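S.K.: Sequence plus the predicted model coming up.
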Amino acid sequence: MDKYKGKVTVLMFFHTECDHCTNTAKQLVQLQKLRRNDFAVVGVALDEISPQQAVAMWVKKNGVTFPVGWTGKDNFFKAIDTPSNTKPFVPVLLFIDKDFEVNRQYQQNHPFCSAGEQRNTAGVVDMLMRTAPGKAKDLPRTQTAPAKK
């Protein structure tokens, strides 16, 4: 992930069988085409059965052009700073600023991801891209709606 320092990055945690996740990934592909400089997207699948095969098939089927890997539940819960006894709604989007700090985090059940997700995502990315390094920490930080217990 060091190669993303200095860029605004969206880290998307998802399941390959999730339709909303696939739609979000397609929106992120389009956004990345429009915001090539200093912007990146990285996907992380949470599939437990044959993740390497599931990711490869999903990337090919959906025309995903950003890097995609996979991880286990423990790493996922640590990355989103959520207790492991909860059930987060995917996709989970982490907006990482130029200083490589998570500035915002949204789960699928947050209003951010409902109506206008593509517009909302572009707005946050553009705001973070306009913000000088070291200044994003001064922006208000919006977090996700609580996960189900």
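M.R.: Received the coordinates, thanks. Keep in mind that this is a model prediction, so the values were computed, not measured.

S.K.: burial of residue 54, as a residue count?
M.R.: Residue neighbour count, defined by other Cβ atoms under 10 Å, stands at 17 for residue 54. Backbone N, C-alpha and C define where each C-beta goes, glycine included.

S.K.: Next up, the contacts around it.
M.R.: With contact taken as Cβ atoms under 8 Å, 6 or more residues apart in numbering, residue 54 is in contact with 16, 45, 47, 70.

S.K.: helix or strand for it, which one?
M.R.: Using DSSP states H and E, residue 54 sits in helix 51-62.

S.K.: now do residue 106
M.R.: Using DSSP H and E, residue 106 falls within strand 102-107.

S.K.: Report all helices and strands that that strand contacts.
M.R.: Secondary-structure packing of strand 102-107 (3 or more Cβ pairs under 8 Å, 6 or more residues apart in numbering; DSSP states H and E): strand 92-96, helix 117-130.

S.K.: rerun that using 7 Å as the cut-off
M.R.: Helices and strands touching strand 102-107, by 3 or more Cβ pairs under 7 Å, 6 or more residues apart in numbering; DSSP states H and E, are strand 92-96.

S.K.: pLDDT check: weakest of the contacts of residue 54?
M.R.: Note: of the contacts of residue 54, the lowest pLDDT belongs to residue 47, at 91.

S.K.: Paired strands for the strand holding residue 106, with orientation please.
M.R.: strand 92-96 (antiparallel) (DSSP bridges).

S.K.: Contacts for the partner strand, please.
M.R.: By Cβ atoms under 7 Å, 6 or more residues apart in numbering, the surrounding residues in contact with strand 92-96 are 9-13, 80, 102-107, 124, 128.

S.K.: re earlier: ok, of the contacts of residue 54, which one's closest to residue 60?
M.R.: residue 16 (11.2 Å; Cβ to Cβ).

S.K.: The closest residue to that closest one other than its chain neighbours: neighbour count?
M.R.: Leaving aside its sequence neighbours, residue 16 sits nearest to residue 58 (Cβ to Cβ, 6 or more residues apart in numbering; 4.0 Å). By other Cβ under 10 Å, 22 other residues sit near residue 58.
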